[in-house]
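[1] Sharing a model prediction with you, sequence too.
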Amino acid sequence: MIGAKEAQFYQENGYLLVKGVFNKEEIENMRAGVENIVQRAAAAKMVDNHAWQGDYLPPDELKKLVLKGFHDVHYHDASFTRAMVHPNMVAVLTQLIGPNVQIHHSKMLVKPPENGAAFPMHQDYPYFPHDKNTMLAASVHLDDTNEENGCLHVIPGTHKQGPLPHVGKHYLDHKEYPIASGVACEAEAGDVLFFNYLTIHGSGPNRSERTRRNVLYEYKAADDMPTEKVHINWGSGLMVAGENPNFQQAQPKFTLSGD
């Protein structure tokens, strides 16, 4: 899917947009998966609004914003499991991370028309810090995205700055890092934006009449260990490519309770 030139671009800039990773049929299957998850979550009364709060917008505007998000979607629909280990994804991941690649987690984000919430600029690092910082996000676009419907913005090269102080662990100072300061990564359905978890990124609100749906996978090198016990689940550590060099750490350690 990519060559040495694209891999070098990622290493220098901390992000890479790869076109046409998934075909139309695969995208349709994932769109159906998103809809099914939303409906099942509503039936289970487990629908939460993930719109971020803060001072980056006036309070009356914040109340209007909606963002539907669900973690670990590969537990809910097989289309996301297939996408997670898709040969095209693996071909890119092994170029950007190395031969031994693990999944950390997955999630989906749905920005509805006209009031889909923004994501202020931030790094993903505070949520799940790791030793070698190989962690990257692969944002799968299920819809065409541009600035009108809240495409992702990234600030090239910021992965080289290391971890930065965040407001309440969630986002950076919006006055110092406005969304407009990033490069707009407009994409088509089927494209995937890869970016390091230290790369500053965010997205504007969806002001269009179109839904913006993304599925996000976080991957890392198999020998990149967490520095804090955060955001670990049963599926974390599943091998996507290569082998696990840490035989005794092949699975997360859990304690079962009787609840």
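    In hand now; what should we look at? Numbers count the residues shown, from 1 in each chain.

[2] Please identify the longest helix in the protein, counting by residues.
    helix 24-43 (DSSP state H).

[3] Mind exporting the C-alpha coordinates of that helix to CSV?
    The C-alpha trace of helix 24-43 is given here as CSV (Å, rounded to 0.1, in the frame of the first residue of the first chain):
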residue,chain,number,x,y,z
LYS,A,24,-17.0,0.3,-1.2
GLU,A,25,-18.4,-3.1,-0.1
GLU,A,26,-16.2,-3.1,3.0
ILE,A,27,-17.2,0.5,3.8
GLU,A,28,-20.9,-0.4,3.5
ASN,A,29,-20.5,-3.3,5.8
MET,A,30,-18.9,-1.1,8.4
ARG,A,31,-21.6,1.6,8.0
ALA,A,32,-24.2,-1.1,8.7
GLY,A,33,-22.2,-2.2,11.7
VAL,A,34,-22.2,1.4,13.1
GLU,A,35,-25.9,1.7,12.7
ASN,A,36,-26.5,-1.7,14.3
ILE,A,37,-24.3,-0.7,17.3
VAL,A,38,-26.1,2.6,17.8
GLN,A,39,-29.5,0.8,17.7
ARG,A,40,-28.5,-1.9,20.1
ALA,A,41,-26.9,0.6,22.4
ALA,A,42,-30.2,2.6,22.4
ALA,A,43,-32.2,-0.5,23.2
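
[4] which other helices and strands contact it?
    Counting contacts by 3 or more CB pairs under 8 Å, 6 or more residues apart in numbering; DSSP states H and E, helix 24-43 packs against strand 68-71, helix 78-84, strand 101-111, strand 212-221. C-beta coordinates here come from the backbone N, C-alpha and C atoms, glycine included.

[5] For the ones you listed, give me a markdown table that also has mean pLDDT.
    Putting the helices and strands packed on helix 24-43 into a markdown table (pLDDT from 0 to 100) gives the following:
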| stretch | mean pLDDT |
| --- | --- |
| strand 68-71 | 74 |
| helix 78-84 | 97 |
| strand 101-111 | 91 |
| strand 212-221 | 95 |
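
[6] among the helices and strands of this protein, which has the poorest mean pLDDT?
    Least confident helix or strand of the chain, by mean pLDDT, DSSP states H and E, is helix 59-62 with a mean of 46.

[7] For the helices and strands packed on helix 24-43, give me JSON lines that also has distance to Asn206.
    Shown next, in JSON lines, are the helices and strands packed on helix 24-43 (distance: least, CB to CB, whole Å):
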{"stretch": "strand 68-71", "distance to Asn206": "12"}
{"stretch": "helix 78-84", "distance to Asn206": "22"}
{"stretch": "strand 101-111", "distance to Asn206": "4"}
{"stretch": "strand 212-221", "distance to Asn206": "5"}
